[in-house]
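Trainee: Turn this into a model:
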Amino acid sequence: MASCCSPSCSAVSTSSVVIEFTPDFLCALRGATGAPSDESLIIEVKGLEREQDRSKDVGAVRWQDAVNHWGKLGRWRYAKIHTPYQLSQVLGVADGSEGHA
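Mentor: Residues are numbered from 1 along each chain as shown. Got it, this is the predicted structure:
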């Protein structure tokens, strides 16, 4: 389970370097029982990729690593999906299509 929102901006300062990154979605994950998890997910949705998109990946991973190193905002993961079907894989949930023809 997840609660997702589309943020307007995110920034983190590491050693006087400001890393700005605006993801498509931020999701606060929940465990199987529905209890809040300390894990959050940064989701980028891409159809066709350009060089600019690859540099955004680098920024997202740097942001994730900086926040995880800081340790005061829980654990963060970054995922880029190209189709809606990949979302259930990223979230680690069944998509309900097993056994259906």
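
Trainee: could you point out the longest helix in this protein?
Mentor: Under DSSP state H, the helix in the chain containing the largest number of residues is helix 51-70.

Trainee: what comes up buried for that one?
Mentor: Applying a neighbour-count criterion of 16 or more other C-beta atoms under 10 Å, the buried positions in helix 51-70 are 56, 60, 62-64, 66-67. Every residue, glycine included, has its C-beta placed from N, CA and C.

Trainee: same check, this time on stretch 77-94
Mentor: Under the neighbour-count criterion of 16+ other C-beta under 10 Å, stretch 77-94 has 78-81, 87, 90-91 buried.

Trainee: if we can go back for a sec, so how far is the longest helix of the chain from its chain's centroid?
Mentor: Averaging C-alpha coordinates over helix 51-70 and over its chain gives two centres that are 10 Å apart (C-alpha atoms, centre = their mean, to the nearest Å).

Trainee: mean confidence score for that helix?
Mentor: Throughout helix 51-70, pLDDT has a mean value of 84.

Trainee: Show me what it is packed against.
Mentor: Under the contact definition 3 or more C-beta pairs under 8 Å, 6 or more residues apart in numbering; DSSP states H and E, helix 51-70 sits against strand 11-14, strand 17-20, strand 36-45, strand 75-81.

Trainee: and those strands, which one's lowest on average pLDDT?
Mentor: Ranked on mean pLDDT, the bottom entry among the helices and strands packed on helix 51-70 is strand 11-14, at a mean of 49.

Trainee: Show me how far stretch 48-63 is from its chain's centre.
Mentor: Relative to the centre of its chain, stretch 48-63 is centred 13 Å away, using C-alpha atoms, centre = their mean.

Trainee: Please shift the residue numbers so they start at 50 in all later answers.
Mentor: Okay, residue one is now 50; in that scheme the one you just asked about reads as stretch 97-112.

Trainee: Convert that stretch to CSV, retaining C-alpha atoms only.
Mentor: Below are the C-alpha coordinates for stretch 97-112, written out as CSV (Å, rounded to 0.1, in the frame of the first residue of the first chain):
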residue,chain,number,x,y,z
LEU,A,97,10.7,7.8,-24.2
GLU,A,98,14.0,8.7,-22.6
ARG,A,99,16.3,11.5,-23.6
GLU,A,100,19.8,12.4,-22.3
GLN,A,101,18.2,15.0,-20.0
ASP,A,102,16.2,12.1,-18.4
ARG,A,103,19.4,10.1,-17.7
SER,A,104,20.9,13.1,-15.9
LYS,A,105,17.8,13.4,-13.8
ASP,A,106,18.3,9.8,-12.8
VAL,A,107,21.8,10.7,-11.5
GLY,A,108,20.3,13.6,-9.5
ALA,A,109,17.6,11.4,-8.0
VAL,A,110,20.1,8.8,-6.9
ARG,A,111,22.3,11.5,-5.4
TRP,A,112,19.3,12.9,-3.5
